[in-house]
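> One predicted model, sequence on top.
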Amino acid sequence: MKKKECIAMLLAGGQGSRLGVITKKLAKPAVPFGGKYRIIDFTLSNCSHSGIDTVGVMTQYKPLVLNSYIGVGSHWDLNRRNGGVTVLPPYVREDGGEWYKGTANAVFQNIEFIEQYNPENVLIVSGDHIYKMDYSQMLGFHKEKNADLTIAVIEVPWEEASRFGIMNTNDEGYIEEFDEKPQNPQNNLASMGVYIFKWEILKEQLLTDEHEAHSQHDFGINIIPAMLCEKKQLWAYPFKGYWKDVGTVDSLWRANMDLLEENPKLDLYDDLWRIYSVNPTKPAQYVASQAVVRDALIDEGCQLFGEIERSVLFPGVIVNSNSKILDSVVHANVKIGHNVNIQKSIIGQETIIEDGCVIGKSGEDNQITVITGSVVVPSGTVIESGTVLSLDNCNEFNCVPLRK
Amino acid sequence: MKDVMSIINDTAHKSSLKELTLNRSLLSVPIGGRYRVVDFALSNMSNSGVKNIGILTQSKNRSLIDHVRAGEEWDLVSKRAGLFILPPMRLSDYPNTEDGDIGTYYEHLDYIKRSRQEYVIIYDNDIVCNINLVESVEFHRSSNAEITVLYTLRNKKYSEKCTLIETGDNEQMTDMAIDTENAFSNKEALGIYILNKKTLVEIIENCHARGLKSLEMDGFVKNISKYKIMGFGWIGYYAKINSIRNFFNHNMDLLEPDIWNELFFKNGLIYTKVRDEPPTKYTKESKVKNSIVANGCIIEGMVENSVLFRGVRVAKGAIVRNSIIMQKGIVGEGASLRCAILDKQAKVFAGKQLRGDKHYPVVVEKNSRI
């Protein structure tokens, strides 16, 4: 088969446990964001726009939603004859087989897949991050430096630097040291978890690492330090722009709200860098005479008769008259009755909220209220701010699971 | 429906929408915020289980072909049949499509004969409705008809010329008049016909051999006594996009939630080409009332009783009333529109005013700058 210059391996197995009930039924890359997307759309669109036409998506945790979402990749223009998207769950071999034990082990278990394409370089990305990046420019940098490994880095605020893997580099970007979550950071260049390896070198590292008894088989913890030890050529590629790891419910809510700014740092309206996703079949949205819609992001198929302010509505949301939605994120096909008041909440998809309910409360001091979806909230229910309502505890609030 | 094929006929009616059809045919006229007329035809066929569809195109077909491509959005990509584009071939001796549609049918007789289906649904190029055709095909079959004409009760609100039929006992058709103003009947033909393929082939060959040009006129009207022609009544929301005024009014109809729900959901979903537009953004200043808004718009001004297509920008202080703005239209700061139709990518600069009448909307050509 023809040699490929660079293929991508996309880590999409993350549970995202800090997102709590939101990731109870789906992996973090499948979490809805921004009125119509799932988080993985950003990475897949980046691959597509960067001319990387072969992407292995390594799934593990609750893969059903993600697997059917990705399909053959046609939505991201990645249904190629030679390459395209391949979903790679862990599999059984003659000697038993096992789950992916770590990020590096996931790639190790797919060496055979990678070798099919005989690539020069392998791009390792994660499906957990929201950003727009041209990997082809990074690949250019990688080749120019003749690097064994190039790591994309972004400047983070100094006070947050200890949450990240920090690169200590010389003036040109040569990495001299790598500190995983340092207490006293010497630098504020954080790794974005975007790596380009020379495949030959990576393969060697993976084979060695696999036999290390105490290894966690993780790129940040094991592979990169090992390569630094061996004095391999590691370079930091500086990225400027919006990059966000929405690890918690709070940051997920805030990232949605960021899109409502007048000139948001993440531009979704750029014709040259469209974020592709699976588009539902819905007509254009309808805003009724009595509706008020301000400071909001609204997707197709919504029917709005109420008041919507500082909120993000996914496709097919119905808001009936005299209802008010403030500071909230409402996922697909949620039906909201009359005289409902929802503030500072995340409402999961297919939820039905009947007339007169009061859910959550706005204000800096109030916690985000979460309803995970497919629940019927009967009329007149009051849900205090900060409540997390899921299928497991919905009886406590007199709510019932939605019968399909 | 395995034994039913369909021909969507973009040569049935002339491009009568002035500026809107300068560079496109009726089938590719944008409508309803994110659709083209052809989306309704293809979705109705696909939702009814018809898998072999030919589109007879006229010469202005680039826009249409660009829109339907291989038919993926309508689930028509198939190894066994799927979507066939049937362009005018302009073979030397054949009549021009402007003279009627028999010539174009004749050019593609091969395709019709080669198809394995026994029945053909002929579907005109100016119809917008959400219809399931299974029942009417069953009627056609069980009544042993050779031709079935679908009709609905005439809507007097849209008093343009139309094709009327009269039916007698057992719904057998007794009279048919094309583009008439003489209201001898209240049964308006939808422009959807079901034929035995054998009958269709016979009509095309007979008409062609005698220099006759129109399927409806020469094939149906003049053959009322020769063939068994039945009428099949259907009730539902139905739009004929045959004049600027009708185009405008039918777009405005969608502001009725009942019509919106019927047209986009009742008998199946309406599919269209995906454009991956982001959700629409409303700013602190935006005031939107009674409007249909597609994705990808950024609205900072005021919009009332209007239909906005994908990617429209309405700047601060702009006022859009009773208007239709197609894809990527731009309304500059403080500009004001009333009863206007902006074709794709039209731009109205800051402070400009454009005013039409409800009965005579102003039409702004594609890519215009005002």
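Thanks, I have it. Keep in mind it's a predicted model, so treat the numbers as computed, not measured. Numbering: from 1, shown residues only, chains lettered A, B, ... in the order given.
> got the residues of chain A near chain B?
A:34-36, A:74, A:260, A:262, A:268-269, A:274-277, A:279, A:281-289, A:291, A:293-300, A:303, A:312-313 (CB under 8 Å from any CB of the partner chain). Where C-beta positions appear, they are placed from N, C-alpha and C, glycine not excepted.
> Of those, keep whichever come out buried.
A:34-36, A:260, A:268-269, A:274-277, A:279, A:281-288, A:291, A:293-300, A:303, A:312-313 (16 or more other CB atoms under 10 Å in any protein chain shown).
> that older thread, tell me which entries of the residues of chain A next to chain B lie within helices.
Assigned to helices by DSSP state H, none of the residues of chain A next to chain B qualify.
> quick one: which of the buried ones among the residues of chain A next to chain B sit in strands?
Under the assignment DSSP state E, those contribute A:285-287, A:293-298, A:303, A:312-313 to strands.
> check contacts around the residue lying closest to B:Leu215 once chain neighbours are set aside.
Nearest non-adjacent residue to B:Leu215, counting by CB to CB, 6 or more residues apart in numbering or on different chains: B:Asp101, 5.3 Å away. By CB atoms under 8 Å, 6 or more residues apart in numbering or on different chains, B:Asp101 lies in contact with B:9, B:11-12, B:56, B:213-215.
> Next, give phi and psi for B:Ile278.
No Ile there; residue B:278 is Pro. Main-chain torsions, B:Pro278, degrees, to the nearest 10: phi -70, psi 170.
> ok, it - contacts?
If you count contacts by CB under 8 Å, 6+ apart, then B:Pro278 has A:34-36, A:268-269, A:275, A:297, B:295-296 around it.
> Go again with 6 Å.
By CB atoms under 6 Å, 6 or more residues apart in numbering or on different chains, the contact set of B:Pro278 is A:268-269, B:296.
> Next, A:Leu66: secondary structure please.
State at A:Leu66, reduced to three classes by DSSP: H, G, I helix; E, B strand; the rest coil: helix.
> Quick check: it touching A:Met58?
No - using CB atoms under 6 Å, A:Leu66 is not in contact with A:Met58, being 10.6 Å away.
> helix/strand/coil for the nearest residue to B:Ser16 once chain neighbours are set aside?
The shortest distance from B:Ser16 to any residue other than its chain neighbours is 5.7 Å, reached at B:Asn242 (CB to CB, 6+ apart). State at B:Asn242, reduced to three classes by three-state DSSP: coil.
> what's near enough to touch B:Asn242?
B:16, B:126, B:160.
> Next up, the contacts around the residue of the stretch 201-350 of chain A found nearest chain B.
Residue nearest to chain B within the stretch 201-350 of chain A: A:Ala284 (3.2 Å; CB to the nearest CB). Taking CB under 6 Å, 6+ apart, we find A:Ala284 in contact with B:33-34, B:292-294.
> Check the offset of the lengthiest strand in chain B from the chain's centre.
Identified as the longest strand of chain B according to DSSP E is strand B:187-196. Distance of strand B:187-196 from the chain centroid (CA atoms, centre = their mean, to the nearest Å) equals 14 Å.
> Can you list the strands that it pairs with?
strand B:119-124 (antiparallel), strand B:147-153 (antiparallel), strand B:162-167 (antiparallel) (DSSP bridges).
> Each with direction, which strands does the following helix or strand past the last one pair with?
Meaning strand B:162-167. Per DSSP states H and E, strand B:162-167 leads on to strand B:173-180 as the next helix or strand towards the C-terminus. Strands that pair with strand B:173-180, judged by DSSP bridges, come out as strand B:162-167 (antiparallel).
> got the contact list for the partner strand?
Applying CB under 6 Å, 6+ apart, the set of residues contacting strand B:162-167 is B:149, B:151, B:173-178, B:180, B:185, B:187-189, B:231.
> now with 10 Å?
Applying CB atoms under 10 Å, 6 or more residues apart in numbering or on different chains, the contact partners of strand B:162-167 are B:124, B:149-151, B:154-155, B:173-191, B:216-217, B:220-221, B:224, B:229-233, B:240, B:242.
> Write a PyMOL command that selects only the buried members of these.
One line in PyMOL is enough to select the buried ones among those; burial here means 16+ other CB under 10 Å:
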select buried, chain B and resi 124+149+150+151+154+173+176+177+185+187+188+189+190+191+216+217+220+221+224+229+230+231+232+240+242
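> where does residue 200 fall, helix, sheet strand or coil?
Just so you know, I chose chain A. Going by three-state DSSP: A:Glu200 is helix.
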